[in-house]
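In: Make a model of this:
(one chain, ligands or ions: 1)
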Amino acid sequence: MKKVLIVGGGAGGIILANSLDKKNYDVTILDKSDMQVFQPWFLYMAFEGKNKNISKPTVKLLNKGSKFIKEEVKTIDLDNRSVQTASNTYSYDYLVVATGTVTDTSSIRGLQEINSKFGDYHTNIDNSMRLWSNINSFSGGTLVLGQASPTCKCPPSPLEGILLAEQLLTRKKIKQKSKLVFFTPYPRAYPAEPINKIVEPIMKARGIDIYTFFDVDYIDTQKSSIYSIEGDEIHYDLPIVIPPCVGVKIEYKQDVLDQDRFVKADKYTMRIQGYDDAFAIGDATNIPTSKSGVTAHLQAKVVASIIEGQNVIFNGRTHCPFDMAYGKATFVIGSYTQPVVPYPPSAFKHFMKMMMAKIYWSSLKGTFDFMFDTYFKMTDPEKLNKKYK
Ligand SMILES: Cc1cc2nc3c(=O)[nH]c(=O)nc-3n(C[C@H](O)[C@H](O)[C@H](O)COP(=O)(O)OP(=O)(O)OC[C@H]3O[C@@H](n4cnc5c(N)ncnc54)[C@H](O)[C@@H]3O)c2cc1C
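Out: You can find the predicted model right below:
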């Protein structure tokens, strides 16, 4: 029986383990934590104060047959097929790295200080609830939100944050006493033009100022200002800065990491550069597609099929939900060959985003695979681009 070792039992790792046929494969997941967290809900904790239970034990999400070991991986040696934790060494026939990302507040002066004071909605539950307590007690002034580096999980999430913040201030009747500012390192509010054409007019109509090409240089906490490398300054009363997102700290004996510690992998097969028996999926990779649960899901399915001997590839499909506030949402849908679809927001799409939160745990177990396959076919970007061009 071939041994498949999965490092990281998050969305991607669990779906991969559940997709492999345990009659033919001996599947083990190694994870430093034995609890899984539904990260997309950080948004609703931080901007709506909805503190529901979003954690589940990993073993409850694994179908029969996979083993789970709670240990933190320290070193990976791909040439010797060896994975080391503090207490053990594991060998494998196939390795899949699915370790996600971490936020890094150390690389920008002042970021650690404002992050511990004001929180953020990309790190963990505590930070998200800290942000809620700050935004909920905000009584007016300048609310500034942006991403400190171009890479962040779920590309729509920075804009979702500012749109939900605007909705909150309006509902609390303090919008008149407030200024809302969104900054981004990209040349437009949303990096992909077809979605930007939809969202930028909405932001302008809601009175949100947009600063583009804003690469955060440092934050002066005495002056309450964020400075860009280009020399611009944004003053804040309430800063919400999404920290840079980087790969986790694992030592690889081979040169397979980029400058942000993302694993260099083939964008079609997810094979780690130079290795036939090792793969990387989900947020942990440098693959040029969105860092999202949907991507991790689709890549996990492809890697499971490749390990089982099928000749399949990942086509770069993205499908990120985008909450535009006031009960409307859209999806950012595209692929390696299809540009992002200018998909109009609707109440039904918002309902679908909320439904996903309800069925998330079962979706990791494969309960809704048939429904997802049909849905992804129905929302094929080529078809949609013809309809909405
Ligand atoms: C605010 C926000 C909103 C989002 N909204 C959406 C959305 O609407 N739709 C969507 O599809 N996605 C969304 N996402 C993104 C989604 O949550 C992630 O992309 C997804 O969880 C990535 O899955 P993954 O398996 O790659 O990593 P993760 O799920 O993060 O799992 C990584 C696992 O690796 C483990 N690990 C790390 N280091 C080690 C180590 N050294 N040893 C052992 N184990 C280790 C971790 O403990 C963790 O369990 C959102 C994210 C955020 C922050």
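In: Was I right to think residue 262 contacts residue 282?
Out: No: between residue 262 and residue 282 there is no contact, the gap being 10.8 Å when judged by C-beta atoms under 8 Å. All C-beta spots, glycine's among them, are computed from the backbone N, C-alpha and C.
In: is it true that residue 350 lies in a helix?
Out: Yes: with DSSP: H, G, I helix; E, B strand; the rest coil as the criterion, residue 350 is part of a helix.
In: The stretch 51-200 of the chain against the ligand: which residues are in contact?
Out: Contacts of the stretch 51-200 of the chain with the ligand, taken as C-beta under 6 Å from any ligand atom, map to 72-73, 98-100, 121-122, 153-154, 157.
In: Now the buried members of those residues.
Out: Among these, those classed as buried by 16 or more other C-beta atoms under 10 Å are 73, 98-100, 121-122, 153-154, 157.
In: Just the closest of these to the ligand, please.
Out: The ligand has its nearest neighbour among these in residue 100, at 2.6 Å by C-beta to the nearest ligand atom.
In: measure stretch 103-111 end to end?
Out: End-to-end span of stretch 103-111 (C-alpha to C-alpha, to the nearest Å): 11 Å.
In: Please state the mean pLDDT value computed over it.
Out: Taken as a whole, stretch 103-111 has an average pLDDT of 97.
In: ok now it, how far from the chain's centre?
Out: Here stretch 103-111 is found 19 Å from its chain centre; the criterion is C-alpha atoms, centre = their mean, to the nearest Å.
In: buried sites along that stretch?
Out: So, applying 16+ other C-beta under 10 Å, buried residues of stretch 103-111: 103-105, 108, 110-111.
In: Between all of these, which two are separated the most?
Out: Greatest spatial distance in those: 103 and 110, 15.2 Å, computed using C-beta to C-beta.
In: quick one on the thing from earlier: among the residues of the stretch 51-200 of the chain next to the ligand, which are in strands?
Out: Secondary structure from DSSP state E places residue 73 of these in strands.
In: those strands in the stretch 151-300 of the chain, which residues are they?
Out: Using DSSP state E, counting those that start in this stretch, the strands found in the stretch 151-300 of the chain span residues 178-183, 208-211, 216-220, 225-228, 233-235, 238-242, 245-247, 251-252, 278-280.
In: Pipe those into CSV and attach mean neighbour count per row.
Out: Shown next, in CSV, are the strands of the stretch 151-300 of the chain (neighbours: other C-beta atoms under 10 Å):
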stretch, mean neighbour count
strand 178-183, 21
strand 208-211, 18
strand 216-220, 18
strand 225-228, 21
strand 233-235, 15
strand 238-242, 24
strand 245-247, 22
strand 251-252, 14
strand 278-280, 28
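In: between these, which one is nearest to residue 126?
Out: Evaluated over these, closeness to residue 126 peaks at strand 238-242, with 15.4 Å, by C-beta to C-beta.
In: and the residue in the stretch 151-300 of the chain positioned nearest to the ligand, what does it touch?
Out: Nearest residue of the stretch 151-300 of the chain to the ligand: residue 282, at 2.2 Å (C-beta to the nearest ligand atom). Residues counted as contacts of residue 282 (C-beta atoms under 8 Å, 6 or more residues apart in numbering) are 8, 10-13, 98, 100, 291, 295-296, 299-300.
In: which one of the buried residues of stretch 103-111 is nearest the ligand?
Out: residue 103 (8.9 Å).
In: thinking that closest one is in contact with residue 243, fair?
Out: Yes: using C-beta under 8 Å, residue 103 is in contact with residue 243, at 4.0 Å.
In: Need the overlap of contacts for these two.
Out: Common neighbours of residue 103 and residue 243 (C-beta under 8 Å, 6+ apart) are 120, 122-123.
In: how about the nearest residue to residue 161, chain neighbours excluded?
Out: Of all residues not flanking residue 161 in the chain, residue 145 sits nearest, at 5.3 Å (C-beta to C-beta, 6 or more residues apart in numbering).
In: In what element of secondary structure is that neighbour found?
Out: Under the criterion of DSSP states H and E, residue 145 resides in strand 141-147.
In: what residues does that strand touch?
Out: Residues contacting strand 141-147 (C-beta under 8 Å, 6+ apart): 135, 158, 161-162, 165, 169, 177-185, 211, 214, 216, 226, 234-242.
In: contacting residues around whichever residue of the chain sits closest to the ligand?
Out: As assessed by C-beta to the nearest ligand atom, the ligand sits closest to residue 10 within the chain, at 1.8 Å. Neighbouring residues of residue 10 by C-beta under 8 Å, 6+ apart: 31, 36, 98-100, 282, 296.
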